[in-house]
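Undergrad: no sequence for this one, just the structure:
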């Protein structure tokens, strides 16, 4: 390893140790530690492509991204709080849950909710307990799951419409889908182009090297069009008293909650009682 790389690794470790100090007003809701600050993603906002800033992208909080103790990222912390506020940890008891691209900490909280079945899957599994599965061709029976979670996955999938159709297929009637994804508050319509293939082109156009589209303000309608009913709620509606800065969250990101229709008056809270 070169001297430059060694010096860079040492600097990162020092920054991490300083961030762990229990000063300031930051707290990780996943591990419970108080901290001086959350760690930025790839150097923070100064390294976000100019187009993403101009298009007012709603996604990760790159300035307050990862916890220096448990390494949970902002999307995982935000989803945990969304699910907690909406009553999902009570709802999941005795239910069947499919968790695509499973987050390590969120998986632990789901297990603690005692679902009757909790299947973790990914296109490229990284652990023995994760099933290999393609979101566009799920290897599960029709109307099987009560809840499907895919947190920041649809922006990676070649055909998001086909993926949502598969989600609808494996959900039971009244089953819920949580489908967080980054989107632009400026674009009227989702932007995708097969000519944008290189890692750098995708970074500049879509915000990350492995993203294949940039969702626009039509994202909610686009998902619902495949057979889901929107139950999307804003951060303020669910977590109004929750400080995004203190807990390292992007308060502009809504809770992407959808339901496979049957009894449209049904709610998670009613089901948890």
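TA: Yep, it's here. Everything numeric in this text was worked out from a predicted model, so none of it was measured.

Undergrad: got the contact list for residue 171?
TA: Residue 171 makes contacts with 143, 144, 145, 146, 148, 177, 260, as judged by CB atoms under 8 Å, 6 or more residues apart in numbering. Heads up, the C-betas are built off the backbone N, CA and C, glycines and all.

Undergrad: Please repeat the previous calculation with a cut-off of 7 Å.
TA: For residue 171, the contact set (CB atoms under 7 Å, 6 or more residues apart in numbering) comprises 143, 145, 148, 177, 260.

Undergrad: Buried ones from those residues, can you make that a ChimeraX selection?
TA: Per 16 or more other CB atoms under 10 Å, the buried members of the contacts of residue 171 correspond to this ChimeraX selection:
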select :145,148,177,260
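
Undergrad: Would you format the contacts of residue 171 as CSV with distance to residue 84, pLDDT and secondary structure included?
TA: Written out in CSV, the entries for these read as follows (distance: CB to CB, whole Å; pLDDT from 0 to 100; DSSP: H, G, I helix; E, B strand; the rest coil):
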residue, distance to residue 84, pLDDT, secondary structure
143, 27, 95, coil
145, 20, 98, strand
148, 18, 98, strand
177, 18, 98, strand
260, 23, 96, coil
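
Undergrad: what two of the contacts of residue 171 are the furthest from one another?
TA: Pairwise distances among the contacts of residue 171 were taken by CB to CB; the largest, 13.2 Å, belongs to 143 and 177.

Undergrad: Would you map the helices across the stretch 151-273 of the chain?
TA: 160-170, 199-206, 219-224, 235-239, 244-247, 268-272 (DSSP state H, counting those that start in this stretch).

Undergrad: Which residues belonging to the helix or strand residue 107 falls within are considered buried?
TA: Residue 107 belongs to helix 104-112 when assigned by DSSP states H and E. In terms of neighbour count (16+ other CB under 10 Å), helix 104-112 has its buried residues at 105, 106, 107, 109, 110.

Undergrad: Ends of stretch 40-53, what's the gap?
TA: Its first and final residues considered, stretch 40-53 spans 16 Å by CA to CA, to the nearest Å.

Undergrad: now what about that stretch, what contacts it?
TA: When contacts are defined by CB under 7 Å, 6+ apart, stretch 40-53 is touched by residues 60, 62, 63, 65, 203, 204, 205, 207.

Undergrad: Packing partners of the helix holding residue 107?
TA: helix 74-86, strand 96-100, strand 117-122 (3 or more CB pairs under 7 Å, 6 or more residues apart in numbering; DSSP states H and E).

Undergrad: Recalculate using a threshold of 6 Å.
TA: Helices and strands touching helix 104-112, as assessed by 3 or more CB pairs under 6 Å, 6 or more residues apart in numbering; DSSP states H and E, comprise helix 74-86.

Undergrad: and the angle for the helix it packs on with helix 104-112?
TA: Here helix 74-86 points in a direction 30 degrees away from that of helix 104-112 (axes from the mean of the first three to the mean of the last three CA atoms, to 10 degrees).

Undergrad: any idea which helix or strand comes after helix 74-86?
TA: Read in the C-terminal direction, the helix or strand following helix 74-86 is helix 88-91, with elements assigned using DSSP H and E.

Undergrad: mean confidence for that next one?
TA: Model confidence over helix 88-91, given as mean pLDDT, is 97.

Undergrad: Going by neighbour count, which residues in it are buried?
TA: In helix 88-91, counting by 16+ other CB under 10 Å, buried: 88, 89, 91.
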